[in-house]
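Trainee: Structure for this input, please:
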Amino acid sequence: MPYVNIKITREGATAEQKATLIRGVTLLLRDILGKNPETTVVTIDEVDTDNWGIGGDSVTVRRAREKKG
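Mentor: Just a heads-up that it's a prediction; the model follows:
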């Protein structure tokens, strides 16, 4: 039973986009690894940009810096 956890920043992904991700990952596992779609679990976690860090800064800070720069 495959379990896939997708983490994205919370920036307005629509329910339709998330459903497409879930379907796509499920079909990819079926097509590439022969996994049963009926037992494949896909979860999507949306993380606030204040809680996602890269290179010592939050995504919020990095994006603010990029806008200035």
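Trainee: and the worst-scoring helix or strand of the chain on mean pLDDT, which residues are buried?
Mentor: Per-element confidence for the chain was summarised using mean pLDDT, DSSP states H and E. The lowest value among helices and strands belongs to helix 59-68, with a mean of 93. By neighbour count, and taking 16 or more other Cβ atoms under 10 Å as the criterion, the buried residues in helix 59-68 are 59, 62. Using the backbone N, CA and C atoms, a C-beta is placed for each residue, glycine as well.
Trainee: Just the C-alphas of that helix, formatted as PDB.
Mentor: Extracted in PDB, the C-alpha atoms of helix 59-68 (Å, rounded to 0.1, in the frame of the first residue of the first chain):
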ATOM      1  CA  VAL A  59       9.700  31.600   2.300                       C
ATOM      2  CA  THR A  60       7.800  34.700   3.300                       C
ATOM      3  CA  VAL A  61      11.100  36.500   4.000                       C
ATOM      4  CA  ARG A  62      12.700  35.200   0.900                       C
ATOM      5  CA  ARG A  63       9.800  36.300  -1.300                       C
ATOM      6  CA  ALA A  64       9.700  39.800   0.300                       C
ATOM      7  CA  ARG A  65      13.400  40.200  -0.400                       C
ATOM      8  CA  GLU A  66      13.000  39.100  -4.000                       C
ATOM      9  CA  LYS A  67      10.200  41.700  -4.600                       C
ATOM     10  CA  LYS A  68      12.500  44.400  -3.300                       C
END
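Trainee: From the contact counts, what lies against that helix?
Mentor: For helix 59-68, there is no helix or strand it packs on, judged by 3 or more Cβ pairs under 8 Å, 6 or more residues apart in numbering; DSSP states H and E.
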